[in-house]
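Chemist: Provided below are the primary sequence and the corresponding predicted coordinates.
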Amino acid sequence: NERRGEERVLNNMAGTFHYLGQYEMSINYHQKALEIAREIGDQEAEAAILSNLGNTYGIIGDFSMQIDYQTKALEICIKIGNRKAESQTLGALGTAYKKTENFQNSFACYQKQLVIGRELNDLKTEGNALNNFGSLYYELSDYNSAIEYFDKGLKIAREIGDKRGEGNTLCNYGKALLKLQKYQEALEYLQASLEICQKIG
């Protein structure tokens, strides 16, 4: 009769189904975990589960549901003062807004994420926010601005040894260079990204 333990197991099962690509099962287990988190008043877990639900809905293309869950998660993060979780949720929410072409809200989320990253002196969060800005400008076809942000994000990824972040940023950087028809540079960045992806599996 250990409800907190049950909630954690259900949440882990939801995560497992998510990584297996069984998203309906993942949502089902997350909902069960969410009920328990609310029942026992575990707001930190509630916010995390709501954010996970949002991410899962985003993967299956239901961006309105993603925005709904991420917004609820964000409200709880702000309420309990969990700045790290707030920054992560802002990033996910900004991406959901970008997918629905609500670029103004997307920009606002990424801006807040960047501010929190700098306030916490959290380079990984700062780097994520910079890369999110780069992706947003890429979506807006402002490839020079996208490259500017990718360059800043890449420097941080290398500084903190974030190989996955470095690989992703190099790929995005290369795609922006392709749009500017800088093919030789693009090839170099994409090749560097490929090597990192292969190295880290």
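Modeler: Looks like it came in fine.
Chemist: Please name the nearest non-neighbouring residue to the residue nearest the centre of the chain.
Modeler: Nearest to the mean C-alpha position of the chain, by C-alpha atoms, centre = their mean, lies Ala92 at 4.4 Å. Sequence neighbours aside, Gln70 is the residue nearest to Ala92 in space, at 5.3 Å (criterion: C-beta to C-beta, 6 or more residues apart in numbering). Every residue, glycine included, has its C-beta placed from N, CA and C.
Chemist: and that neighbour, how many neighbours does it have?
Modeler: 29 (other C-beta atoms under 10 Å).
Chemist: what kind of secondary structure is it in?
Modeler: With DSSP: H, G, I helix; E, B strand; the rest coil as the basis, Gln70 sits in helix.
Chemist: ok, which stretches of the protein are helices?
Modeler: 3-19, 23-40, 43-59, 63-80, 83-99, 103-119, 123-139, 143-160, 163-179, 183-200 (DSSP state H).
Chemist: got these as TSV, with mean pLDDT columns?
Modeler: As requested, those are exported to TSV (pLDDT from 0 to 100):
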stretch	mean pLDDT
helix 3-19	95
helix 23-40	97
helix 43-59	96
helix 63-80	98
helix 83-99	96
helix 103-119	97
helix 123-139	96
helix 143-160	97
helix 163-179	97
helix 183-200	97
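Chemist: still on that earlier bit, for Gln181, see how far away the residue nearest to the centre of the chain is.
Modeler: 33 Å (C-beta to C-beta, to the nearest Å).
Chemist: Show the pLDDT at Asn1.
Modeler: As predicted, Asn1 sits at a pLDDT of 70.
Chemist: Tell me how many other residues crowd it.
Modeler: By other C-beta under 10 Å, the residues close to Asn1 number 4.
Chemist: Identify the residues contacting the closest residue to Arg164 other than its chain neighbours.
Modeler: Closest residue in space to Arg164, ignoring its immediate chain neighbours: Ile200 at 6.3 Å, by C-beta to C-beta, 6+ apart. Listed by C-beta atoms under 8 Å, 6 or more residues apart in numbering, the contact set of Ile200 reads 163-164, 167.
Chemist: check contacts around the residue nearest to Asn55 when sequence neighbours are not counted.
Modeler: Closest residue to Asn55 apart from its sequence neighbours, by C-beta to C-beta, 6+ apart: Ala92 at 6.1 Å. Taking C-beta under 8 Å, 6+ apart, we find Ala92 in contact with 51, 54-55, 58, 66, 70.
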